[in-house]
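**Student:** The sequence and its predicted three-dimensional model are supplied below.
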Amino acid sequence: MDAARMLKANRKVQGKPCGWCEAILQLGEDAAVCTTCAQEHHRPCWESRAGCSTGGCANAPLHRLDLSALGGGEPASMAEMPPGMMACPTCKRAISIGDPFCSACKSVNSPDGIYHGPRTSAPGAVAALVYGIIGLVICGVILGPLAISKGNGAKRAMAENPTLGGGGLATAGVVLGVIDLVMWALVLVAKLAAATGR
């Protein structure tokens, strides 16, 4: 018999704390229910810890000999983690169970793959919007490219760091920067046409 039932969290499982990370299981999340003690887990937590969180359960992870301490050369990512720690699924570095993301590789470790913690605006996101707005009135030829550059830079920073937000501001700044360039190009063309038509 399988050690766990793998399922999408239903109404019976919804609201139960994961035995490993203690976060509440949400409806529709990938879940693993121990077939021996019926303890609920997030499926990624079950798989990363190799079994049930209940002490003494037949499906609890086996205690493995740390060969690296004996000179056996076992990679650190495979050695038994200290209590309260787990290996990052992406880079295999030790992180605390329940950490929203790995500080080393920045990969999100929540069961749904989405960062739910606090965010701060990415550097340049607000500046992109400000440059884009001002460029509609004056110096659009200069401020338009600045808005586009700042907005794209903010988006790159957000892609690398899940704690950064402000995607809407950055996108608005890029769009306004393009509008600035188009609008001022049309103004220049109209002035040239008026000058040559005299």
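**Tutor:** Cool, the structure landed. Numbering: from 1, shown residues only.
**Student:** can you map out the strands along this protein?
**Tutor:** 4-8, 30-34, 40-42, 85-87, 94-96, 120-121, 164-165 (DSSP state E).
**Student:** Now render those as a markdown table, adding mean pLDDT and mean neighbour count.
**Tutor:** Backbone N, C-alpha and C define where each C-beta goes, glycine included. Output for those, formatted as a markdown table (pLDDT from 0 to 100; neighbours: other CB atoms under 10 Å):
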| stretch | mean pLDDT | mean neighbour count |
| --- | --- | --- |
| strand 4-8 | 91 | 14 |
| strand 30-34 | 92 | 23 |
| strand 40-42 | 92 | 25 |
| strand 85-87 | 77 | 17 |
| strand 94-96 | 77 | 17 |
| strand 120-121 | 84 | 14 |
| strand 164-165 | 83 | 19 |
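**Student:** so where's the chain uncertain?
**Tutor:** 1, 62-82, 89, 98, 103-104, 106, 109-117, 197-198 (pLDDT under 70).
**Student:** quick check: longest helix of this structure.
**Tutor:** In the chain, taking DSSP state H as the definition, the longest helix is helix 167-196.
**Student:** other SSEs contacting that one?
**Tutor:** Identification of packing neighbours for helix 167-196 by 3 or more CB pairs under 8 Å, 6 or more residues apart in numbering; DSSP states H and E yields helix 125-135, helix 140-160.
**Student:** Apply 10 Å and report the result again.
**Tutor:** Using 3 or more CB pairs under 10 Å, 6 or more residues apart in numbering; DSSP states H and E as the contact criterion, the elements in contact with helix 167-196 are strand 120-121, helix 125-135, helix 140-160.
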